[in-house]
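**Student:** Got a sequence here, can you build the structure:
(3 chains, ligands or ions: 3)
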Amino acid sequence: MATRWFGAPVQRNEDPRLLRGQGLYVDDIDLPGMLHAAVLRSPYAHAKIVRIDTQAASNLPGVHLVLTATDLGEVLEPSPLLIPHPALTHPRTQLPLALHEVRYVGEAVAFVVADSRYLAEDALELIDVAYEPLPVVHSLATASAPDAPLVHEDVQGNVAAHLLQSVGNPDEVLANAPHVIRETLQMERGAAMPMECRGIVARWDHYEQMLTCWISTQAPIPIRNGLAAIFHLPEHKVRVIAPDVGGGFGAKIMLFYPEEILTPFATMRLGRPVKWIEDRRENFISTNQERGQLHEVEYAFDDQGVLLAVRDVFLHDTGAYTPYGIIVPIITSCSLPGPYRLKHYASDCQALYTNKVPVSPYRGAGRPHAVFVMERIMDRIALELQMDRLEVRARNFIRPDEFPWDVGLVYQDGGPTRYDSGNYQAALDKLKLALDYDTFATRQAEARVQGRYLGLGIGYYVEGTSIGPYEGAHVRVEPDGRVFVATGVTSQGQSHQTVFAQIVADQLGIEPQAVLVATGDTQAFNWGVGTFASRAATVAGSAVHLAAVKVRKKIQALAAELFEASAEDIELAEGKVFVKGAPQRALTLGQLAIKANPLRYTYGESARTLAAMNLAAARPGPALPPERDAPGLEADGFYSPPHGSFASGVHGAIIEVDPATGMVSFIKYVAVHDCGHLINPLVVEGQVHGGVAQGIGGAFFERLVYDDTAQLLSSTFMDYLIPTAAEIPDITVEHIETPSPLNPLGMKGVGEAGVIPVAALFASALDDALSPWHIRIREMPLHPCRLHELLQEARCHKAVLPLATEKPGAPTENCH
Amino acid sequence: MKPPQFQYCAPGVLDEALGLLDQCGTDAKILAGGQSLIPLLNVRLVAPLYLVDINRVAALDYIDARENHLAVGAIVRQRSVEQSPVVRQRHPLLIEAITYIGHMQIRNRGTLAGSIVHADPAAELPALLCCLDGEIVARSSTGERIIKAEQFFTDYLTTTLDAREIVTEIRLPWLPPQAGWACIEFTRRAGDYALAGAIAVVVPTPAGTCQSARISYFGIAATPVRGYEIEQMLIGTTLDDAILQAAAHAAESLVQDDLSDIHATSTYRRALTAEATRRVLRTAWQRCQNRS
Amino acid sequence: MVTIKQTSMPALHDMCSLSLTVNGQHYERRVPARLLLSDFLRHELHLTGTHVGCEHGVCGCCTILLNGEAVRSCLMLAVQADGMDLTTIEGFASSQEPLHPIQQAFQEKHALQCGFCTPGIIVSVHALLREHPMPTEEEIRHGLSGNLCRCTGYQNIVAAVKCAAVYLADQETTHSRNENNK
Ligand SMILES: Cc1cc2nc3c(=O)[nH]c(=O)nc-3n(C[C@H](O)[C@H](O)[C@H](O)COP(=O)(O)OP(=O)(O)OC[C@H]3O[C@@H](n4cnc5c(N)ncnc54)[C@H](O)[C@@H]3O)c2cc1C
Ligand code: FES
Ligand code: FES
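**Tutor:** Ligands and ions are numbered 1, 2, ... in the order given. Coordinates of the predicted model:
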């Protein structure tokens, strides 16, 4: 290969279009005759629907259709349960429109289609629904109370699932260990909040009997399959396109959101295209959320700081339904051991229903919670034994020669939680250097003299990425020389049009700019799963690589024939194909593509040049002998990993806390990251930056605050505080590359990584900064008011807090 | 999130606007910069039948440096005030307060008068107006009245303005040349409304003690709050640490008890108010020391 | 005391005419009074580069230039733009033209991922650099604070703004040199 694009900081193919404002997001699609939809949503978290009167709305001029549950016929089915699990004994999924009962504020109750969105919203105001409010479960505490109201009448104790996993003999070790601590740790909800909300445009083509949907989704192929089943259409008569998607972060992997069924239903009913665009207010109450968990953790360690056993009993807030099964708590359970040699571990999780928006993965997906718990443990061991925090971690690391390391748990993909490779100490050493760790204590002491409170925090994580089942890709060289790649995964900003192009460019000896990548169009590629679990670049990237290798082999075989040389001697470089050492006599890829099709008619300049070249004549016999298989220069590749590959990393930060106001600023932030071989460092660093920013948001700014009737109180960007450029620090990213042996390019996923350790790190840094007050952080997210409250409590107590067996202090005042 | 239906008019002359208000009464809303009103329309929290857009009343577009005060017409953008050479030169406190408001894109539309009429208790300008004992000029078809800041703000988003009145001008008194001043606020993010904030003006005697002081607060009650008691405490002192501490303590009692929201409890607001008092007075005092 | 003249009242309407210039092109339309300027640009003029992310003024995706000043198009009615001169992202560089220096800097510094926030940010950066041609880090971060980006963590955007400042300054020098040589 003349050039190696893999690993190079290549500028992105998608940028010129997006920078000019020529991206194509769902709401940019405008079809002739298109109508606009709006959804009436429940104002109650839990209520019986007594009666719905849609008459006035239907009579409003410009309104074409008003749907309630009873109008849906056989489409009124609970959405499919995506990922069943034996522990999920009481799965419940949502109807496209609520029939007798609503179970969260925002649940869809009616669907209006009108000439404009303005009119559709006018019509919503005319729909009269009589509700009979029911008791509400607004928190995990209420959900688990003995006399709790029930979210689903027939689900006792609100328990959707009870998941038990264990390795070794934690009970025995906990009973006999020299040090045992028990703590309650808590995390509350946050939201993905992509800048583009959800949306769908659906068109029914009567002549073709074909349904086309443009959806802002991370999973077009599963949606296509589902829509085909729901509407009894052959799969090839449903086309789902995820055009440019303005961020997803997991929230758009969920299916089916009700509108993804209602909009196609309406277009088929009306025979006109229908558009539904979620607005931000809806996004806050109808797009899935995550992160509510309550952990009771008990852990044992010895005098050397070696962690001996962990028993983690936790409650997971799954919201009103379980469309995505219990993937999130499974990941929490499996991620908790992290980079440490934990031989005795029991995890006991109950997923509980609450009257809140359903839960499905949001970037990090259960991992930030696990890392928060484990890293709190590591810090606590250091504190109890008066040891260095990094030293405690070092003593517990899995060593490089111990891979593959079997954690002993069943991962979210049903496979083993088996770490393929890693070098945890190396990353920690890099972090120490970058943070100038050894001098920090002095700097901290100096600052305290001036009344400034600095704190250093770290968070280590291991992330299962690149899970199966599989992805596929198609690579094709067209007669005009352009190279097309299609795959089933989508892009919401992860630069697939560039990284896949890099992979293909290396195989075909061309520049990445010459490769056109189509993602997320079921018509362009028919097979695949979707973009989640930090898997797209690696799993689909491997498939792209395998397809490109096949095309390269085809090119070499054909060129060998034409040049009367041996295939091993054929080289591909700068878009040309030639015999090694004789680049002056070369064919372009386009010319080879023409030759690869044994058709008697050829067109264009290339064809004329070909005729003039003195190439070997066609062989006698069939034009497509068995070894040529098919015409054309194209191939499919599929890749199915044996199990997930495990990326890892450690982040460290130095913060400053103002004890008078509880305000915090970041002084330095370093992320050391190991995602195996990097396809494009620019892209990887960008993913880490974005993840960290989301992590900082989730740790200190963004809070989904529900009152005790489960009404969301922070439902605008004025109250749900996504940090701006003024709050996010610069992030130094350093890389460690321990390649994964599981895929052909040695890659591991990176998409979610940045966000995972931030909450843990923030807690660690706060403890450190506020050590004069013996503060121990046991909850996330925090905010200045809460921090101030914790400080006040500590100031009142004055005395050293008794650290064992503690719960997060109940807020002294209603700060929600 | 689309506005409900309304009838719209953008008169070019004030009298026409006043006439429309007369006709429509409480069914009408005035549209100025729209940076508070349009978000409310978009979520349909307000649904006026009529919208009277005053942005085309060219006669309300002026910044006038008068003898005793700076007069700002009702459609002058916050950003125009911020960039006005005369304001930059003669009313730096106004500049300091205004640049805390939202973001450049918001201030490019939002008006000074609109912010004052909107009367968000966490907003900077109402508190500034109170601090300086400024005035609001209001017109109706029956005439003009001048309202003192003190008498203008009555409750959360509520003022003594009548539905048939239009605010035509805001008057902000000049500061004495020897005065020191500051505006300080605590926010979660750049550009957010304040969790709590304070504005102060202190005037020293030639001997270097405090001759007079003004301090007002925002974000701590249903209206902007003037700290009269604190002002009295400061007179004759040199604003040393002990006095600042006493002032901070006094400020805590100005915070409304039931003012808890998702970002701050009233206890926390009291702490911020105390801290804001210390910082705003220290900075203001330093600035007049630097001057002399 | 001013006496009020009895003038004939201007009428209130729910449909309004407007004529305006967008990216140098003149348009005349009749629109509902309540139509937001963002919707007008996107769905009437099909200038879909201006995005909508919140419709309450916070995210900045809808930022455009109104008579040269950066404003939120979701917080204006279309009729309010009557007679005005607007620039949207499409006015920075058409598909035939090379990228604008700000856009070029964004590509080089990988300052966009999903690209949804990008048009609003580029418009804001344009206004920022006009006010502060060589901005400090703090001026940049503050100047960007009216635009949310959920993908990039802002770091590369800040780098791109610094880079764009240099490109624009170079362009300025070349331009004035050429002017002088004329
Ligand atoms: C993202 C964002 C952040 C913001 N941050 C801040 C901030 O930090 N601090 C802050 O103070 N503000 C902030 N604002 C609000 C901004 O300052 C508004 O511009 C201001 O509050 C209202 O001014 P306006 O000209 O936009 O008025 P409009 O929105 O047009 O009107 C507001 C109200 O006042 C009435 N009104 C307006 N002008 C007159 C008049 N002349 N006579 C009679 N009635 C009138 C209207 O009828 C309406 O009820 C923010 C806004 C946004 C969108
Ligand atoms: S859409 Fe206008 S600011 Fe968000
Ligand atoms: S690039 Fe996706 S929001 Fe900024």
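
**Student:** switch to C-alpha atoms for all contacts and neighbour counts from now on
**Tutor:** OK.

**Student:** Now residue 101. Nearest residue, chain neighbours left out?
**Tutor:** Picked chain A for this. Closest residue to residue A:101 apart from its sequence neighbours, by C-alpha to C-alpha, 6 or more residues apart in numbering or on different chains: residue A:48 at 4.4 Å.

**Student:** not what I meant, chain B
**Tutor:** Of all residues not flanking residue B:101 in the chain, residue B:191 sits nearest, at 5.9 Å (C-alpha to C-alpha, 6+ apart).

**Student:** Residues of the stretch 601-750 of chain A that sit close to ligand 1?
**Tutor:** Not one residue of the stretch 601-750 of chain A sits near ligand 1, judged by C-alpha under 6 Å from any ligand atom.

**Student:** whoops, chain C was the one
**Tutor:** With C-alpha under 6 Å from any ligand atom as the criterion, chain C meets ligand 1 at residues C:57-58.

**Student:** how close does the residue nearest to residue A:101 get to residue A:131?
**Tutor:** As judged by C-alpha to C-alpha, to the nearest Å, residue A:48 and residue A:131 stand 6 Å apart.

**Student:** With residue A:577 instead?
**Tutor:** For residue A:577 relative to residue A:131 (C-alpha to C-alpha), the value is 71 Å.

**Student:** Show me where the stretch 101-250 of chain B has its helices.
**Tutor:** All helices of the stretch 101-250 of chain B, identified by DSSP state H, counting those that start in this stretch, fall at B:104-107, B:112-118, B:124-131, B:149-152, B:228-234, B:241-252.

**Student:** now for the first one, which elements pack on it?
**Tutor:** When you say that, I think you mean helix B:104-107. Contacts defined by 3 or more C-alpha pairs under 8 Å, 6 or more residues apart in numbering or on different chains; DSSP states H and E place helix B:104-107 against helix B:78-83, strand C:69-72.

**Student:** Can you pull out the low-pLDDT segments for the stretch 1-150 of chain B?
**Tutor:** For the stretch 1-150 of chain B, no stretch has pLDDT under 70.

**Student:** Just say helix, strand or coil for whichever residue of the stretch 101-250 of chain A sits closest to ligand 2.
**Tutor:** Going by C-alpha to the nearest ligand atom, ligand 2 is nearest to residue A:195 of the stretch 101-250 of chain A, at 8.7 Å. For residue A:195, the secondary-structure state derived from DSSP: H, G, I helix; E, B strand; the rest coil is coil.

**Student:** sorry, back to before: the helices and strands packed on helix B:104-107: which one's closest to ligand 3?
**Tutor:** Nearest of the helices and strands packed on helix B:104-107 to ligand 3, taken as C-alpha to the nearest ligand atom: strand C:69-72 at 16.6 Å.

**Student:** And the closest one, what does it pack against?
**Tutor:** Strand C:69-72 is packed against helix B:104-107, strand C:63-66, helix C:118-131, with contacts defined by 3+ C-alpha pairs under 8 Å, 6+ apart.

**Student:** does that strand come close to ligand 2?
**Tutor:** Yes: applying C-alpha under 6 Å from any ligand atom, one finds strand C:69-72 touching ligand 2 at residue C:72.

**Student:** Adjacent strands (with direction) for that strand?
**Tutor:** The sheet places strand C:69-72 alongside strand C:63-66 (antiparallel), with pairing taken from DSSP bridges.

**Student:** Name the residues of chain C found near ligand 3, please.
**Tutor:** For chain C, the contact set with ligand 3 under C-alpha under 6 Å from any ligand atom comprises C:112-118, C:149-152.

**Student:** how about those residues in JSON lines, adding secondary structure, neighbour count and distance to chain B?
**Tutor:** What follows is the residues of chain C next to ligand 3, written out as JSON lines (DSSP: H, G, I helix; E, B strand; the rest coil; neighbours: other C-alpha atoms under 10 Å in any protein chain shown; distance: C-alpha to the nearest C-alpha, whole Å):
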{"residue": "C:112", "secondary structure": "coil", "neighbour count": "30", "distance to chain B": "21"}
{"residue": "C:113", "secondary structure": "coil", "neighbour count": "27", "distance to chain B": "23"}
{"residue": "C:114", "secondary structure": "coil", "neighbour count": "27", "distance to chain B": "23"}
{"residue": "C:115", "secondary structure": "coil", "neighbour count": "29", "distance to chain B": "20"}
{"residue": "C:116", "secondary structure": "coil", "neighbour count": "34", "distance to chain B": "18"}
{"residue": "C:117", "secondary structure": "coil", "neighbour count": "30", "distance to chain B": "15"}
{"residue": "C:118", "secondary structure": "helix", "neighbour count": "30", "distance to chain B": "16"}
{"residue": "C:149", "secondary structure": "coil", "neighbour count": "31", "distance to chain B": "14"}
{"residue": "C:150", "secondary structure": "coil", "neighbour count": "29", "distance to chain B": "15"}
{"residue": "C:151", "secondary structure": "coil", "neighbour count": "31", "distance to chain B": "18"}
{"residue": "C:152", "secondary structure": "coil", "neighbour count": "26", "distance to chain B": "18"}
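
**Student:** Same list (these) but as TSV, adding pLDDT and distance to ligand 2.
**Tutor:** Shown next, in TSV, are the residues of chain C next to ligand 3 (pLDDT from 0 to 100; distance: C-alpha to the nearest ligand atom, whole Å):
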residue	pLDDT	distance to ligand 2
C:112	97	17
C:113	96	18
C:114	96	16
C:115	97	15
C:116	98	11
C:117	98	9
C:118	98	12
C:149	98	11
C:150	97	13
C:151	96	16
C:152	97	17
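
**Student:** Do I have it right that residue A:264 meets residue A:214?
**Tutor:** No: using C-alpha atoms under 8 Å, residue A:264 makes no contact with residue A:214, being 10.4 Å away.
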